[in-house]
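Asks: Here you go, sequence then predicted model.
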Amino acid sequence: MLLFIFVWFLFGALALGPPAFIFLFMKHKSKASWPTNVDYNYRPKVSIIIPTYNEAEIIGYKLENICKINYSKDIFEIIAVDSNSTDSTVRIIRDFSEKQGNIKINLIIETERKGKSHALNCALRACNGEIIIISDADCFWPSDILEKALPYLADPSVGAIGGPKILFNSKQTWITRMEEKYLKSANYLRLGESKAGSTVFFEGGFSAFKRNALDKFDPYATGSDDCGSIINVIEKNYRAMLVKEAKFYSSFPATLQAKISIKLRRINQLIRVFAKYLDLLVKGKVKSTKSTVIPNTLLYLVSPIAFIISVGLTSLLVFVYPLLISFLLLLIIPQVRFYVYQIVENNFLLFISLLAVLFGQKFSVWRKPNDRVWLTRENLASYNLI
């Protein structure tokens with residue numbers, strides 16, 4: 001029995017150790033001062049890439065939002081890259097460009113839909129900016145985002161910055177309420193990673209890269225155009241940072257089925273990202289950012305396997321000692337319930353995604369979310385986004 005308990009404890013430590021370390025260490029680091037030189041006079045030329053596929057219902061709002069940004073228009077360009085839309089997306093972009101005389105929109109149209117990273121790389125070749133910024137069509141920026149965020153890129157050690165996502169519909173259902181709590185916790189951790197060295201997570205709503213820190217988007221074909229592109233930045237010994245001031249707004253699906261679909265696709269990509277990090281760690285190509293890369297690699301590649309084994313061993317232990325089930329009473333505490341739910345959901349999704357990767361299943365072509373009821377002119381205007 002002592003051997004059984006030892007094995008149970010070992011796998012429990014492997015399952016919960018990496019997330020516990022990341023949470024405690026990054027929470028501590030998030031309170032530290034920035035190890036970064038911020039220059040609010042920094043005004044680089046920027047290229048903003050907007051990838052589209054059948055975005056007719058919202059692309060007009062998106063372009064209005066981008067044109068509302070407080071930034072000198074002579075050092076500002078918009079590049080819309082469309083992946084062979086079958087609706088009126090292209091026509092709306094062209095009409096908007098003709099009416100908006102002071103900002104030129106460079107429209108690139110792919111003849112075949114090959115995935116978001118391929119589209120971004122097509123647009124990258126047309127960029128003239130020192131800073132390349134990506135923003136999805138369903139994400140919206142406050143007008144001062146560039147003034148507040150770009151100064152962090154003035155530091156020579158910083159190669160890329162990202163921003164936190166704020167949900168329009170955070171109170172819609174228990175799914176969106178849980179996602180809001182998850183995002184707050186995740187942003188806390190990303191901030192700590194940024195101050196510890198470098199974060200390895202970005203969102204598609206706002207990601208800004210120095211041109212000389214980025215060879216191409218998703219160079220290792222992980223399927224992740226944001227996190228997969230940070231690999232390139234870290235390889236070049238630059239830092240990637242979450243900047244609180246670079247917040248952007250978007251919505252999130254309100255149903256469990258839609259949430260699981262998005263999470264599985266995202267986690268499938270991230271497992272490929274961290275498999276590449278493991279390869280680079282072995283080859284000695286990850287240097288200054290090991291304190292964030294190593295624990296996250298363990299979290300995505302080792303913890304889910306250990307968690308499933310730990311669940312099996314715990315079930316056997318409860319079968320032998322039924323009174324242990326009384327620990328479930330701790331779930332009465334809301335904060336405990338939230339973290340237990342996140343740990344269980346994330347580890348099961350990670351395990352499923354690990355199996356999918358092992359069997360060669362990959363999702364490289366992005367799909368338009370089904371739930372966009374909050375992206376209306378009235379709602380966007382109420383946030384002063386258009």
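Replies: Received it, and whenever you're ready, just let me know what you need. The shown structure was predicted, so the numbers you read here are calculated from the model rather than taken from an experiment.
Asks: Quick check: next helix or strand after the one helix or strand G60 maps to?
Replies: Secondary structure from DSSP states H and E places G60 in helix 59-67. Next along the chain after helix 59-67, taking DSSP H and E as the criterion, comes strand 76-82.
Asks: in whichever helix or strand comes after that next one, what counts as buried?
Replies: Per DSSP H and E, the first helix or strand lying C-terminal to strand 76-82 is helix 89-99. Applying a neighbour-count criterion of 16 or more other CB atoms under 10 Å, one finds T89, V90, I92, I93, F96, S97 buried in helix 89-99. All C-beta atoms are positioned from the backbone trio N, CA, C, and that covers glycine.
Asks: can you pull the contacts of the third one?
Replies: This points to I92. Contact analysis of I92 by CB atoms under 8 Å, 6 or more residues apart in numbering lists A56, I59, G60.
Asks: just checking, the first one touches S88?
Replies: If I follow you right, that is A56. Yes. A56 lies in contact with S88 (CB atoms under 8 Å); the separation is 4.5 Å.
Asks: Next, the angle from the helix holding G60 to strand 76-82.
Replies: 160 degrees (axes from the mean of the first three to the mean of the last three CA atoms, to 10 degrees).
Asks: Which strands or helices does helix 59-67 pack on?
Replies: On a contact count with 3 or more CB pairs under 8 Å, 6 or more residues apart in numbering; DSSP states H and E, helix 59-67 meets strand 46-52, strand 76-82, helix 89-99, helix 377-382.
Asks: what residues does it touch?
Replies: 48, 50, 52, 55, 78, 80, 89, 92-93, 96, 100, 103, 105, 135, 137-138, 140-141, 375, 377, 380, 385-386.
Asks: I'd like to know which of the residues you listed are buried.
Replies: The neighbour-count test (16+ other CB under 10 Å) marks 48, 50, 52, 55, 78, 80, 89, 92-93, 96, 105, 135, 137-138, 140-141, 375, 380, 385-386 as buried among the contacts of helix 59-67.
Asks: Q269 and I231 touch, don't they?
Replies: No. Q269 lies out of contact with I231 (CB under 8 Å); the separation is 11.9 Å.
Asks: my guess is S303 meets P18, correct?
Replies: Yes. Between S303 and P18 there is a contact at 5.2 Å, judged by CB under 8 Å.
Asks: Appreciated, that's everything.
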